[in-house]
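J.: return a 3D structure for these sequence lines:
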Amino acid sequence: SLSYNSLRYMIILSVPIAVLVTVLADDIILLIYGKEYLPSSLALKVLIWTIVYAFVNSTFYHIIASMNQQKIISEISSVGTFVNLILNLFLISKYSFLGASIATLATEFITTIMMGLFIRKAKKSI
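T.: Prediction:
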């Protein structure tokens, strides 16, 4: 189906990008910002993986919208916002900018799971 192919292509595109940036994060930070910002490469290594979930979420968003379930998208987005806020409150105080990166990645992962579960449940009821 079209949605399966879109999802597959999003993963095929995003995973190599995430791997490449993870491997080259130190060099990217050095090249663009210089040695004084090198500690931020760890945050980049975490944050780049949000691209995988963001790409999948984009496909899931369109699938759910095509089911005329925009309210579900709003509800999942609201839960994601709340989760991100709570995670940021706890993680930033302990881990600084790395905590914010972890919170963002975790939030994208959670919203991906929620959207995926909704789609799976909706497909079973059809």
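
J.: what segments of the chain are strands?
T.: Assigned by DSSP state E, the chain shows no strands.

J.: helices of that one, start to end?
T.: Ranges of helices within the chain are 2-32, 41-47, 50-66, 70-124, based on DSSP state H.

J.: count of residues packed around residue 87?
T.: Neighbour count for residue 87, taken as other C-beta atoms under 10 Å: 19. All C-beta spots, glycine's among them, are computed from the backbone N, C-alpha and C.

J.: what separation do you get for the nearest residue to it once chain neighbours are set aside and residue 43?
T.: Closest residue in space to residue 87, ignoring its immediate chain neighbours: residue 103 at 3.6 Å, by C-beta to C-beta, 6 or more residues apart in numbering. In this structure, residue 103 and residue 43 are 11 Å apart, going by C-beta to C-beta, to the nearest Å.

J.: who's in contact with the residue lying closest to residue 76 once chain neighbours are set aside?
T.: Distances taken as C-beta to C-beta, 6+ apart place residue 114 nearest to residue 76, at 4.8 Å, with adjacent residues excluded. Contact partners of residue 114, counting by C-beta atoms under 8 Å, 6 or more residues apart in numbering, are 76, 79-80.

J.: which of these lies closest to residue 2?
T.: residue 76 (21.8 Å; C-beta to C-beta).

J.: mind pulling up the pLDDT for that closest one?
T.: Predicted confidence (pLDDT) for residue 76: 98.

J.: one step back: what's around the residue nearest to residue 87, how many residues?
T.: 22.

J.: re the thing from before, ok, and the most crowded of the contacts of residue 114?
T.: Counting neighbours by other C-beta under 10 Å, residue 76 leads those with 22 neighbours.

J.: count the residues that sit near the closest residue in space to residue 92 that isn't next to it in sequence.
T.: Once flanking residues are discounted, residue 92 sits nearest to residue 99: 4.4 Å by C-beta to C-beta, 6+ apart. Taking other C-beta under 10 Å as the criterion, the count of residues near residue 99 is 19.

J.: residue 99 touches residue 84, doesn't it?
T.: No. Using C-beta atoms under 8 Å, residue 99 is not in contact with residue 84, being 11.6 Å away.
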